[in-house]
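> Next one to model:
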Amino acid sequence: MSMADTTSLGSAREPITAGDVMTAKVIAVHPDTSTREIARLLLENHISAVPVLDGSGAPIGIVSEGDLIERAETERRDRRDWWLALLAEGGALSPEFMANLRQPGRTAREVMSRPVLTVTENTETAEIARMLQTYRIKRVPVVRDGQMVGIVSRANLLRALSGEVTAHAEVKPKPKFLEDMLADLDRRLGRRNRESERRSETPLSSDGLLSVADFRRLASDYESREAQHSEEMRRSTAEQRRRSVEQLIDQHLSDENWRNLVQQARVAAERGALEFMLLRFPSQLCSDSGRAINASEPDWPDTLRGEAAELYLHWARDLKPQGFRLAARVLDYPGGMPGDVGLFLAWKQ
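Below you'll find the model as predicted:
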C-alpha cells in the first residue's frame, strides 16, 4: 500500500466527518510483518505508526515508534531517523540501544497496541477529537463493513481546523436496506402466489383420484417452502446483525455515559448483585466473531471493536487499578454459533 493525499469536503457541508478528512490510502502491515520491516516503512514514508490488518482487511492493532523502542518522547523524536535506519538496515546496534529496543526480532502481532479503536466515515471530527484526547491516542482507523478504508490522525484534524478542506472526490449514498429487503420480499411473495395458482389448477393425478405419490409431492412441496422460508429468515437476521454491528462500531462512549454505567453498577451492588452487564453486543463486533471469548482465551480483549473496545479501555484506566474485573461471556448460540456477547463488570471475590 502507498501514501495518498488527504481527502476532504468543503466547509459548506456541515458537519465535517471522518470521510471528509481521512487519509484514504494508508500504509499497513500484516500481523506477521517483522519489526525490522516496520521500522523501514516508518523511515521511508516519514510516518510514525502503521495499522495492522488481518486477512479480511480489518484493523486489529497499531504499531507505533513507541511500540518499537522505549525512550522518552523528546529523545525518540530527536533521534528518530538514527535508530529507525539502524533497525531497518540491519546495522550494528549498540548494547545501549538494544537494551531500549522492544523485542527486535518479533512481529507486528507481538508488539502492536490493541484493542484498536475505530470510527466510520460518518463519525464527526468533533467526536474523533474527543476520542483522541480521552484515550490518549494519535490516530484512529476508519472502517466500512469491517474493513479499513482510511485513517484519521491529529494532522488530519488540524488541517480541517485550519481550513484546508477541499471538495470530496465522492460521496457514497447510504444503502437503502429496508427498501431493498421489501422489494425482495415482494418478488418472493409474488413468485409463491404464482406457484400456488399453478398447483391449484393442476389435478392431483391423471384420473382425478388421490395417490401416495400426490401426498408425497405435497409433503415435499411443504418442506421446500419451509426450507426457503427458514433461509430467508436466516438471511434477514444476518442482515439485521450486520447493521447492528455497524451502528456499534460508530457508537462511541462519552465520559458521561461511562459515569452513568458505573452508577448503574453501584445501584446493582446495593441490591446485592456481584456483577453488572455493561454492554450486550453481537459477536460479529469482535474481530474473530467471538471465538476467543467463547474459548476463554486470555487475549480475548484484543478482539474487541467499537463501543466494546472503548468500554474495555475505560475499565483498564479507571476501575482495574481499584480491583474491579471485566469479563466477557457468550449469551446465546443461534445455530450452534456464538450469538450475543455480554461484557460484565464484576466485583465478586
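> Provide a list of residue ranges in the stretch 201-349 of the chain with pLDDT below threshold.
201-210, 234, 237-245, 247-248 (pLDDT under 70).
> give me that answer again for 90
In the predicted model, the stretch 201-349 of the chain carries pLDDT under 90 at residues 201-255, 281-282, 284-289, 305-307, 334-339, 348-349.
> can you pull out the helices in it?
For the stretch 201-349 of the chain, helices defined by DSSP state H, counting those that start in this stretch occupy the ranges 212-249, 255-270, 291-294, 306-314.
> Nearest approach to Asp54 belongs to which of these?
Distance to Asp54, taken as Cβ to Cβ, is lowest for helix 291-294 among the helices of the stretch 201-349 of the chain, at 12.8 Å. Yep, even glycine has a C-beta here, placed from its N, CA and C like the rest.
> Wait, Gly339 touches Asn294, no?
No. Gly339 lies out of contact with Asn294 (Cβ atoms under 8 Å); the separation is 10.2 Å.
> ok, the nearest residue to Leu53 once chain neighbours are set aside to Ala49 distance?
Spatially, and ignoring its direct neighbours in sequence, Leu53 is nearest to Ala28 (4.9 Å; Cβ to Cβ, 6 or more residues apart in numbering). According to Cβ to Cβ, to the nearest Å, Ala28 and Ala49 sit 10 Å apart.
> my guess is Ala160 meets Gly19, correct?
No. Applying Cβ under 8 Å, one finds Ala160 not in contact with Gly19, separated by 11.8 Å.
> quick revisit: hmm, the residue nearest to Leu53 is touching Ile47, no?
No. The pair Ala28 / Ile47 is not scored as a contact, 11.0 Å apart, by Cβ under 8 Å.
> out of these two, which sits in the busier spot?
Counting neighbours by other Cβ atoms under 10 Å for Ala28 and for Ile47 shows that Ala28 has the greater number, 20 against 17.
> List the contacts of the more buried one.
Listed by Cβ atoms under 8 Å, 6 or more residues apart in numbering, the contact set of Ala28 reads 1, 50-53, 59, 148.
> now, which of those lie within strands?
50-53, 59, 148 (DSSP state E).
> For those, name the two members farthest from one another.
Of all pairs in the ones in strands among the contacts of Ala28, the most separated under Cβ to Cβ is Val50 and Met148 at 11.4 Å.
> can I see the domain layout of the chain?
With domains defined by automatic domain parsing, the chain comprises 18-161, 177-240, 255-346.
> Now distance to Ile249 too, for these, in CSV please.
Below are the domains of the chain laid out as CSV (distance: least, Cβ to Cβ, whole Å):
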stretch, distance to Ile249
domain 18-161, 6
domain 177-240, 15
domain 255-346, 4
